[in-house]
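Trainee: Generate a structure from the sequence data that follows.
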Amino acid sequence: MGSTRRVSRRAFALAALSTLAMTQGASAGPRRPRAATEMRGVWLATVDNRDWPSRPGLTAAEQRAELTALLDRAVRDRLNTVVFQVRPTADALWPSPYEPWSQVLTGTQGRTPGWDPLGTAVTEAHARGLELHAWFNPYRVALHADPTRLAASHPARKHPDWVVPYGGKLYYNPGLPEVRSFVEDAMLDAVATYPVDAVHFDDYFYPYPVAGQTFDDDTAYDAYGGDFDSRAAWRRDNIDRLVRETAARIKKVRPGTRFGISPFGVWRNATTDERGSDTRAGVQTYDDLHADTRKWVRENWIDYIVPQVYWHIGFAAADYATLVAWWAEVAHGTKTRLHIGEALYKAGAAAQPAAWQDPVELSRHLTLAARYPQVRGHVFFAAQDMAKDPIGAMARVVADHYGQPAKPPR
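Mentor: Next up, the predicted model:
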C-alpha cells in the first residue's frame, strides 16, 4: 500500500511539472476540446451584499432584476451552475420558520423583502437551463460581536449559550449537539421547500484562527469531549458529524439532490503530514478549521468537492499546479467529483501580483487542470467579478474553453 501510494504521488507530481512547463511562457494554453459534461459554475455571494443585492433596501422589482441579470450573464458565458448563498449569517433568503430574513435584503434583519429570493432563483435558474446550488454557512451568526443587534426573534438571542464571540464576530458552537441539530433543520428546510440541485458549504467550519484569541468552547468540551485524545480531535469529529448527518438528511428529504463542499485549498502541508501537499500555506484546514476535507472525499461522504485553489501557477507557497495534482490524486478512485475553485476576483486586482494582471492566467488554469481526468470542471468566485471582468480574464476563459455549452455532472 505504501509503495503504491509513493509511486502514485510521484506520477502526479511529474504530471504537474510537465504541465507547468507547457503552460508557462505561452500567451495561452492550447485550445483543448472540453468535456460535454463538466461543472461550469459561479458563486453568487450575498454576505455583506458582496455580489447581490447591490445594496440593502432595493425594491423587490429592483432586487429581482439584478438577480436575473446575473443569471443571464452566467448563461452568456456558457456556465451551467449558480451557487447561490441563501444563509449567509444564520439568517435566510427564503421565508424560513427557523431563522429571520437576512438583513442584506432590506437592511433590517427579520424584515420581509416582499418576495421569495430563493424560490425565484430556483425557478429563474431552471428556466435558463442552469442548476441552482443552495449555499449555506452552517455556523456563522454575525459579522459583528453584539448579540443585541440581531433580530429579537433570532435563535442566537433565545439561546445565548449556543453562541461564541470570536475575532469580532459571533459563531454558533459546533461542539453542541443541539446546535448541530438546529442548523441542519434550518438548512434542510430550504431543501424540503425548493427543488434545489445541490446543497453547498464553503470553507467556514470552525473559524479561521485569529492571533491572540481563543475560541472558547471549554464548557462543551468538558461535557462532550471525554472520549477524545485532544480537543482538536473532538472538534474534527463535530464537523465530521455535521457533514455525515447533512448528507444523510438530504437523501431523505429530497433524493437526488447533491451535497458539495468548497474548502480552503490546502488540507495539510507535507511538512506537517506526508500525505499532504507540497505547500507552505499558513492555514491548514485539518488543523486550523478542524475540517478533514481529504477524509470526506476518500470516504465518499459528499458528492463533490471544490477546493479553493486561489493561487497562481508557480506561486511558491501554494502552487496552483501542485495543488490541482494533489487533489486529483485524492479524488482518484472515489465517487466524489472534483471541481476546482478559481479566484476570478484576483484577476486585475491592484493588490495582486503580476500573474493576476495577465488576463490569460485563469485560462492557463483550465488548460492545466484538463490534463487530469479527475477534474470535472471549475467554479469561479464570484458573480460580480464575472459581470465586471475588468481585464477580460473571464472572457478569455470563455473564448478558450467554453465555445460550446456543457451539461453539469450528475
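
Trainee: need the helices for the stretch 101-250 of the chain, in chain order.
Mentor: 103-106, 117-127, 155-158, 177-193, 218-224, 231-253 (DSSP state H, counting those that start in this stretch).

Trainee: other SSEs contacting the longest one?
Mentor: By that I understand helix 231-253. When contacts are defined as 3 or more CB pairs under 8 Å, 6 or more residues apart in numbering; DSSP states H and E, helix 231-253 packs onto helix 177-193, helix 218-224, strand 258-261, helix 293-298. (Glycine included, C-beta is placed from N, CA and C.)

Trainee: And the second one, what's buried?
Mentor: The neighbour-count check on helix 218-224 (16 or more other CB atoms under 10 Å) flags 220-221, 224 as buried.

Trainee: ok, now the last one?
Mentor: In terms of neighbour count (16+ other CB under 10 Å), helix 293-298 has its buried residues at 293-294, 296-297.

Trainee: After it, which helix or strand is next?
Mentor: Downstream of helix 293-298, the next assigned helix or strand under DSSP states H and E is strand 304-305.

Trainee: hmm, back to that, closest one of the buried residues of helix 293-298 to M394?
Mentor: Ranked by distance to M394 (CB to CB), the buried residues of helix 293-298 are led by T293 at 26.7 Å.

Trainee: Quick one: residues contacting that closest one.
Mentor: Neighbouring residues of T293 by CB atoms under 8 Å, 6 or more residues apart in numbering: 261, 263, 267, 285-286, 305, 307.

Trainee: Run a quick neighbour tally on the closest residue to it other than its chain neighbours.
Mentor: Nearest residue to T293, sequence neighbours excluded (CB to CB, 6 or more residues apart in numbering): P263, at 4.3 Å. By other CB atoms under 10 Å, the residues close to P263 number 25.

Trainee: backbone phi and psi for P263, please?
Mentor: Main-chain torsions, P263, degrees, to the nearest 10: phi -90, psi 170.

Trainee: and what of V83?
Mentor: phi -100, psi 100.

Trainee: Quick check: it vs K407, distance?
Mentor: For V83, the distance to K407 equals 17 Å [CB to CB, to the nearest Å].

Trainee: Of those two, give the one with the bigger neighbour count.
Mentor: Taking neighbours as other CB under 10 Å, V83 and K407 compare with V83 leading, 28 against 14.

Trainee: Hmm, that one is touching V42, no?
Mentor: Yes. If you go by CB atoms under 8 Å, V83 and V42 touch, sitting 7.0 Å apart.

Trainee: got any residues that touch both of the two?
Mentor: With CB under 8 Å, 6+ apart as the test, V83 and V42 both reach V379.

Trainee: Next, format the helices and strands packed on helix 231-253 as a markdown table and append distance to E274.
Mentor: Output for the helices and strands packed on helix 231-253, formatted as a markdown table (distance: least, CB to CB, whole Å):
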| stretch | distance to E274 |
| --- | --- |
| helix 177-193 | 32 |
| helix 218-224 | 29 |
| strand 258-261 | 24 |
| helix 293-298 | 13 |
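
Trainee: For these, give me JSON lines that also has distance to W101 and mean pLDDT.
Mentor: As requested, the helices and strands packed on helix 231-253 are exported to JSON lines (distance: least, CB to CB, whole Å; pLDDT from 0 to 100):
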{"stretch": "helix 177-193", "distance to W101": "13", "mean pLDDT": "98"}
{"stretch": "helix 218-224", "distance to W101": "29", "mean pLDDT": "98"}
{"stretch": "strand 258-261", "distance to W101": "25", "mean pLDDT": "98"}
{"stretch": "helix 293-298", "distance to W101": "31", "mean pLDDT": "98"}
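
Trainee: R241 - how many residues pack around it?
Mentor: R241 has 14 neighbouring residues, counting by other CB under 10 Å.

Trainee: G260 now?
Mentor: If we define neighbours as other CB under 10 Å, then G260 has 24 of them.

Trainee: quick one: contacts for it?
Mentor: Applying CB under 8 Å, 6+ apart to G260 gives the contacts 133, 198-201, 302-306, 337, 339.

Trainee: residues contacting the residue nearest to T293?
Mentor: 202-203, 285, 289, 291, 293, 305, 307-308.

Trainee: and what of V122?
Mentor: With the criterion set at CB under 8 Å, 6+ apart, V122 makes contact with 132, 194-196.

Trainee: give me phi/psi at E329?
Mentor: phi -70, psi -40.

Trainee: per-residue confidence at it?
Mentor: The score at E329 is 98. That number is its pLDDT.

Trainee: and if you look at P100?
Mentor: 98.

Trainee: Surely it is in contact with Q109?
Mentor: Yes. Checked against CB under 8 Å, the pair P100 and Q109 is within contact range at 5.2 Å.

Trainee: what's the overlap in contacts for the two?
Mentor: Common neighbours of P100 and Q109, using CB under 8 Å, 6+ apart, are 91, 151, 154.

Trainee: Switch those residues over to TSV; also include pLDDT.
Mentor: Below are these laid out as TSV (pLDDT from 0 to 100):
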residue	pLDDT
D91	98
A151	98
H154	97
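
Trainee: Select from these every entry located in strands.
Mentor: Counting by DSSP state E, those place none of their members in strands.

Trainee: Export these to JSON lines and append columns for neighbour count.
Mentor: Listed next are the shared contacts of P100 and Q109 as JSON lines, based on neighbours: other CB atoms under 10 Å:
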{"residue": "D91", "neighbour count": "25"}
{"residue": "A151", "neighbour count": "17"}
{"residue": "H154", "neighbour count": "20"}
